[in-house]
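# Here is a sequence together with a model predicted from it:
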Amino acid sequence: MDIYFKSIAVCKEVESPENPGALERRVALVPREVGKLVELGCKVFVEQGAGEGIGISDDEYTSEGAVLQNHREIYQDKDLIIKFKGPSLESIEWMERGCTLFCMAHFASFPARAKMLEEKGIQVIAMENIVESPKKISDEILLSKTAMKHCLRQAARRIDSLNVHFLGHHSRMVGGIRRCANRHPRSVTIHPRDVNVNDINLEAGNNLVFFHSWWNQGSHNIPPAILDLKQREDCPILYDLREFEEENGAQAIKRYRETHPPFEFGLRRIQSLHETGQAGARYGLKLLKEVSALKKSASDVVVVVLGYGNVGMGAIDECYSAGVKRIHVLGRNHTMKGAIEHYLQDADLIINAAEQPRELRGINYLVTREHARSVIQDGSVVIDLIGGSASNRSAVENVVECTFLTDPHFEADGVYFSSLWGWPMMGFMEKTAHKYSAQILDVLIGDEKLISGTKEAGVAIRSAIECNPH
């Protein structure tokens, strides 16, 4: 493999615009990944104490062949500077003109820093903008996605009058939830697998119940509510994912891949989106129980999740695991003015995982100040997982700037808001550090081959260059 970036710096996370109090303690590369770069012939320099925040000693880096340097030295005379968060303003002055900075750049949220980097002549590659090319979809996602497509077609009724109920939530359900929500049914609700049939609100209109049974020691394990629903005169449409898997699964996946060439771009390559959703939902439930006057435990909470991408699925997963019995999943039609109020007025925890195009940020708000004043009940919690800044606003109007670990939530009009910059720092610090490190190394030496330089890299890298392309 050709190596363009021969001299690499791995920097410690220090106080910066998005890291007040230096509470971000993760490191971009852990010793194992540093050792692999050294084996390739790279000279890797690591800032002293870079891994201490997640329990990694300097000796672990030197044992993998790294050279230790102090805070100022680490930024000087390097081809490639790797950092997790964006740099402090002070450190930009120490970088050599023409070097490359590889970090979570967030240019739209920190325009003043972006201008400094551009004027200094530093090539910046934004980790958050590197995506899969082509898009990858697992068989598991495809299976439930095609099952839901078959299910909705079988329902043979207007989708916009259909109330869809999922009994149980796990990885096999994800594709089905996304396919369903993307077709704009009247409602999408996730219930516990063992939900009592009386707790399923079979609203006026059409109802569909989607579930997954399995064989256990020779017996067919079906959710109890399904057996009760079959006895009702107004029995909804019942659809078992397991039956679809056994009868059509392999053929459906094969047919889908043959007829659907992958999109050019897919998921972020360097990300902990699921953990972001988990951390935000966990903190929201904590606020409801410990800070809000509602003092509600998870089993008594009604949750509304805006969006059903990877961040939203992480939030759904956490709420379901915590024992929440009713989770409403909102798609685009549900979040429109005149429709979203129906969900907000009954919600205890509102989680925004809806990403909006940049041109709509600061213009279109899904959860507004007026909602906080007159629709959302006092004591409720709004968790924003998308975040932003005054120049790059969230879809939650009350969130002007992201919050930080130093002061993670605020109250407005009786409602608690939190939009933490770096959600995985809250309970997922060490786990996500190792996850990011493996992903960063893969981008460097895997299919993208960033280590060979940006001229040789693919379109996924070139489109992530924010300024001063070499």
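Received the coordinates, thanks.
# now R178, nearest residue through space, not along the chain?
Take R178 and drop its neighbours on the chain: the residue closest to it by CB to CB, 6 or more residues apart in numbering is Y308, 5.3 Å away. For the C-beta atoms, the positions are set from N, CA and C on the backbone; glycine is no exception.
# In this structure that neighbour contacts R179, no?
No: the criterion here is CB atoms under 8 Å, and Y308 misses it with R179 at 9.7 Å.
# Between those two, point out the one with more neighbours.
Y308 (23 against 19; other CB atoms under 10 Å).
# May I have the secondary structure class of R282?
Here R282 is recorded as helix under DSSP: H, G, I helix; E, B strand; the rest coil.
# quick one: what helix or strand has the nearest residue to it once chain neighbours are set aside in it?
Closest residue in space to R282, ignoring its immediate chain neighbours: E318 at 5.4 Å, by CB to CB, 6+ apart. Assigned by DSSP states H and E, E318 falls within helix 310-322.
# so how far is that helix from its chain's centroid?
10 Å (CA atoms, centre = their mean, to the nearest Å).
# Would you state the helices of the chain in chain order?
31-40, 58-62, 89-92, 111-119, 139-155, 174-182, 224-229, 241-259, 273-290, 310-322, 341-344, 369-374, 429-445, 459-462 (DSSP state H).
# I'd like the distance from the second one to the chain centre, please.
Spelled out, it's helix 58-62. Distance, centroid of helix 58-62 to centroid of chain: 31 Å (CA atoms, centre = their mean).
# From the contact counts, what lies against it?
helix 31-40, strand 67-69 (3 or more CB pairs under 8 Å, 6 or more residues apart in numbering; DSSP states H and E).
# which stretch among these comes nearest L241?
Smallest distance to L241 across these (CB to CB): 37.8 Å, for helix 31-40.
# Need the contact partners of that closest one.
Applying CB atoms under 8 Å, 6 or more residues apart in numbering, the set of residues contacting helix 31-40 from outside is 1, 3, 8, 10, 29, 44, 46, 51, 56, 60-61, 63-66, 437-438, 440-441, 444-445, 451.
# Which entries within those meet the buried criterion?
Those of those that meet the buried threshold are 3, 8, 10, 29, 44, 46, 51, 56, 60-61, 64-66, 437, 440-441, 444-445, 451, by 16 or more other CB atoms under 10 Å.
# What is the least confident helix or strand in the protein?
strand 214-216 (a mean of 71; mean pLDDT, DSSP states H and E).
# now the residue nearest the centre of the chain: how far from M313?
Centroid-nearest residue in the chain: L273, 2.3 Å away (criterion: CA atoms, centre = their mean). Distance, L273 to M313, by CB to CB, to the nearest Å: 8 Å.
# Regarding the residue located most distally from the centre of the chain, what are the backbone dihedral angles?
Ranking residues of the chain by C-alpha distance from their mean position (CA atoms, centre = their mean) puts E233 at the top, at 41.6 Å. Dihedral angles of E233 (phi, psi; degrees, to the nearest 10) stand at phi -70, psi -30.
# tell me the domain boundaries of the chain?
7-133+428-467, 139-259, 273-425 (automatic domain parsing).
# closest one to F265 among those?
For the domains of the chain, proximity to F265 was assessed by CB to CB; domain 7-133+428-467 is nearest, at 4.7 Å.
# which intervals of the chain have sub-threshold pLDDT?
Applying pLDDT under 70 to the chain flags the ranges 156-157, 205, 215-219.
# returning to what we had before: so who does the residue nearest to R282 touch?
277-279, 281-282, 285.
# Let's have the domains of the chain in a markdown table, adding distance to L267.
Formatted as a markdown table, these follow (distance: least, CB to CB, whole Å):
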| stretch | distance to L267 |
| --- | --- |
| domain 7-133+428-467 | 5 |
| domain 139-259 | 11 |
| domain 273-425 | 7 |
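# hang on, isn't L344 packed against A372?
No: L344 lies out of contact with A372 (CB under 8 Å); the separation is 9.3 Å.
# which ones are touching the closest residue to Q356 other than its chain neighbours?
Spatially, and ignoring its direct neighbours in sequence, Q356 is nearest to A395 (5.3 Å; CB to CB, 6+ apart). Going by CB under 8 Å, 6+ apart, A395 touches 306, 352, 354, 356, 361, 364-367, 384, 386.
# Compute the number of surrounding residues for the closest residue to N248 other than its chain neighbours.
Of all residues not flanking N248 in the chain, H150 sits nearest, at 7.4 Å (CB to CB, 6+ apart). A count of nearby residues for H150, using other CB under 10 Å, gives 14.
# Check C11 too.
27.
# thought it was touching A50?
Yes: with contact defined as CB under 8 Å, C11 reaches A50; the gap is 6.7 Å.
# Same list, the contacts of E318, but as TSV with neighbour count and distance to A105 please.
Listed next are those as TSV, based on neighbours: other CB atoms under 10 Å; distance: CB to CB, whole Å:
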residue	neighbour count	distance to A105
G277	29	22
Q278	26	25
A279	26	22
A281	31	27
R282	22	27
L285	24	32
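# Report the two members of those residues separated by the largest distance.
Taking CB to CB, no two of the contacts of E318 sit farther apart than G277 and L285, at 12.6 Å.
# returning to what we had before: so what's the residue nearest to the centre of the chain up against?
Residues in contact with L273 (CB under 8 Å, 6+ apart) are 267, 309-311, 314.
# so who does the residue nearest to N248 touch?
With CB under 8 Å, 6+ apart, H150 has these contacts: 244, 248, 252.
# Buried ones only from those residues, please, as a PyMOL command.
To isolate the buried ones among the contacts of H150 in PyMOL, judged by 16+ other CB under 10 Å, type:
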select buried, resi 244+252
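# Show me which of the contacts of H150 is closest to V415.
Distances from V415 to these, taken by CB to CB, are shortest for F244, at 41.4 Å.
# Based on its surroundings, how many neighbours for the closest residue in space to the closest one that isn't next to it in sequence?
Using CB to CB, 6+ apart and skipping residues adjacent in sequence, the residue nearest F244 is A147, 4.2 Å away. Neighbours of A147 under the rule other CB under 10 Å: 27.
# What of V459?
12.
# That one contacts V131, correct?
No: using CB under 8 Å, V459 is not in contact with V131, being 9.7 Å away.
# picking up where we left off before, could you let me know which of the contacts of E318 ends up closest to L405?
L405 lies nearest to A279 out of those, by CB to CB, at 11.3 Å.
# hmm, back to that, from F84, how far out is the residue nearest to the centre of the chain?
16 Å.
# same thing with D413?
35 Å.
# Compare these two and say which one has the larger neighbour count.
Ranked by neighbour count (other CB under 10 Å), D413 and F84 place F84 first, with 27 against 14.
# ok, and the closest non-adjacent residue to the more buried one?
A28 (4.5 Å).
# Pretty sure the one you found sits against I8.
No: checked against CB under 8 Å, the pair A28 and I8 is beyond contact range at 10.4 Å.
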